[in-house]
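Asks: only geometry, no sequence info:
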């Protein structure tokens, strides 16, 4: 275990108390990040053992800043952050709205939703917002400050937006503001899922195909294939730092080598029809990109 | 212009003379890398102005090590490296084989081909091999040592393979050896093109979709979208360094959120049907990956 890091944001959020609902990867990341920056954090989850896990983690880096509470204690807090699965957000908004003293500000952290899903809280005079960290947080993250320096998609009513900005600033993060309307939220989230999940899937399909071409067996082949493809990817990413996407595109589609493309498709079809389908789906995007170069 | 770098490989290849056919991005990269490591380089291309460009670049980092020659002078050289387009390799192999003194070793640098395409040289007693650098080399690369520390797919007859290994070692590179047979070469190259070109296409589709969701217009939106997605990708890649691909996969497919997946597809279909198709093609690979987690 590394020693506790100094508070990167100092006491930037010292006078703020934030209630966090949900102690999964997102709740844990916000609890750590907010407490390190001086905020008081109040946690609740249906699963009390996950609350204890997050309190332990916060205690190691920002002692005394976090405590577990009953759900009812969220009423009257400055701000509450809903860090729960998509299908629980609406229900929790209704429960909070039914409180005699609903929180002043409530955000959800779901990329897919706009603020409309918090409507019950708006109806009782609360300010509502969205505060979605744009990063891939695996369920077993052990990072000490996963959100520091990150990108956040924010939106919402006046006070909710202003306080979200203060938090993003304390996190030394960058903000993304979406066009109004839920369609923008869905498109934003689709783009993020396309890149992040899509990248892992693309890597997986490529590693498996490459591994089958190597003069090695099993895990050894996959390990070497993944290392080799990571090295290839480094060169592609280096090109993207100095060139447009169109100019950084290399390969047979970019140079119009149709026979090679056909050979690639046949080779992939032999070992992994899903990889062949993926190559086919990438084709038109590579073609249109090649035309910008 | 940066000052010339020291020769990273010293005089590792001092007694070697290598003829290079073709002065595009691959020929240039090998000419620079070989000359920096002490080899003498002899260049020929149908386009004499591209020979001059490479000679200038080599002259800046390894003066006196490279010279332009007539094609006929490749006969009798230790080794010749064919750095030409896929559809020229067979023809050049025949031309070299017709020389009164064919080169001792000939390699091609095409990822897609096995050594079978050099058969005419084998038939006259030459040793034949493959030496394919696994990296994305854009046509306008200005790097001083693009191949140093890279991954090379090698193969071939005894002497051709041994000399290829000496070069990879001098380049401080890593080697990939394929299973025998041209099917392996095609699959290897398909996997590389899938990852490298596929990544640029995936990024492009994601950037365009995200840009359209942002409360900004045109180039500003695309720039911010690409920066935000690169930051997201950093988190995904960090997860891949410590977790399996299955565990590093996040997003709605991984957690079985079918309604969110359907919403993503609808959102992408509205702005870019090719991005929707790409998301669909990634789906089954994400699903099977999710099951490993």
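Replies: All right, it came through fine. Quantities reported herein were computed from a predicted structural model and do not represent experimental measurements. Residues are numbered from 1 along each chain as shown, chains lettered A, B, ... in the order given.
Asks: how deep is the nearest residue to residue A:65 once chain neighbours are set aside tucked in, by neighbour count?
Replies: Spatial nearest neighbour of residue A:65, excluding adjacent residues (C-beta to C-beta, 6 or more residues apart in numbering or on different chains): residue A:35 at 3.8 Å. Yep, even glycine has a C-beta here, placed from its N, CA and C like the rest. Using other C-beta atoms under 10 Å in any protein chain shown, residue A:35 is surrounded by 25 other residues.
Asks: sec struct for residue A:67, please.
Replies: With DSSP: H, G, I helix; E, B strand; the rest coil as the basis, residue A:67 sits in strand.
Asks: er, residue A:18 I mean
Replies: strand.
Asks: Against residue A:43, how distant is it?
Replies: Distance from residue A:18 to residue A:43, counting by C-beta to C-beta, to the nearest Å: 10 Å.
Asks: Does the longest helix that chain A contains reach chain B?
Replies: If you go by DSSP state H, chain A has its longest helix at helix A:182-213. Yes: residues of helix A:182-213 contacting chain B under C-beta under 8 Å from any C-beta of the partner chain: A:183-207, A:209-210, A:212-213.
Asks: cool, and stretch A:93-108?
Replies: No: judged by C-beta under 8 Å from any C-beta, stretch A:93-108 makes no contact with chain B; its nearest approach is 14.0 Å.
Asks: so how far is that stretch off the chain centroid?
Replies: Stretch A:93-108 sits 24 Å away from the centroid of its parent chain (C-alpha atoms, centre = their mean, to the nearest Å).
Asks: can I assume residue A:184 is in contact with residue A:115?
Replies: No: here residue A:184 lies out of contact with residue A:115, judged by C-beta atoms under 8 Å, at a distance of 11.3 Å.
Asks: Mind checking which of the two has more residues around it?
Replies: residue A:115 (23 against 20).
Asks: Do you have the helices of the stretch 1-150 of chain A handy? List them.
Replies: Remark: helices assigned in the stretch 1-150 of chain A by DSSP state H, counting those that start in this stretch are A:25-36, A:48-61, A:89-97, A:119-123.
Asks: so of those, which one's packed in deepest?
Replies: When those are scored by mean count of other C-beta atoms under 10 Å in any protein chain shown, the highest mean neighbour count falls to helix A:25-36 (a mean of 26).
Asks: From the contact counts, what lies against that helix?
Replies: Contacting helix A:25-36 under the criterion 3 or more C-beta pairs under 8 Å, 6 or more residues apart in numbering or on different chains; DSSP states H and E are the following elements: strand A:17-21, strand A:40-44, helix A:48-61, strand A:127-133.
Asks: Chain B: which of those is closest?
Replies: strand A:127-133 (9.2 Å; C-beta to the nearest C-beta).
Asks: What is the closest one packed up against?
Replies: helix A:25-36, strand A:105-108, helix A:119-123, strand A:151-156, helix A:158-170.
Asks: can we see that at 6 Å?
Replies: strand A:105-108, strand A:151-156, helix A:158-170 (3 or more C-beta pairs under 6 Å, 6 or more residues apart in numbering or on different chains; DSSP states H and E).
Asks: what residue ranges in chain A score low on pLDDT?
Replies: By pLDDT under 70, the low-scoring segments of chain A are A:1-10, A:292-293.
Asks: If we use 80, what do you get?
Replies: Chain A contains residues with pLDDT under 80 at A:1-11, A:138-142, A:290-293.
Asks: Identify the residue nearest the geometric centre of it.
Replies: Nearest to the mean C-alpha position of chain A, by C-alpha atoms, centre = their mean, lies residue A:135 at 2.9 Å.
Asks: I'd like the distance between the closest residue to it other than its chain neighbours and residue B:225.
Replies: Of all residues not flanking residue A:135 in the chain, residue B:235 sits nearest, at 3.9 Å (C-beta to C-beta, 6+ apart). Per C-beta to C-beta, residue B:235 is found 16 Å from residue B:225.
Asks: re earlier: just checking, the residue nearest to the centre of chain A touches residue A:150?
Replies: Yes: judged on C-beta atoms under 6 Å, residue A:135 makes contact with residue A:150 at a distance of 5.4 Å.
Asks: mind checking the SS state of the residue located most distally from the centre of chain A?
Replies: Centroid-distance maximum for chain A: residue A:259 at 39.6 Å, with C-alpha atoms, centre = their mean. Under three-state DSSP, residue A:259 falls in the helix class.
Asks: residue contacts, it?
Replies: By C-beta atoms under 6 Å, 6 or more residues apart in numbering or on different chains, no residues touch residue A:259.
Asks: Save the helices and strands packed on strand A:127-133 as TSV, and put in mean neighbour count too.
Replies: As requested, these are exported to TSV (neighbours: other C-beta atoms under 10 Å in any protein chain shown):
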stretch	mean neighbour count
strand A:105-108	28
strand A:151-156	23
helix A:158-170	19
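Asks: Relative to residue B:77, which of those is closest?
Replies: Smallest distance to residue B:77 across these (C-beta to C-beta): 54.0 Å, for strand A:151-156.
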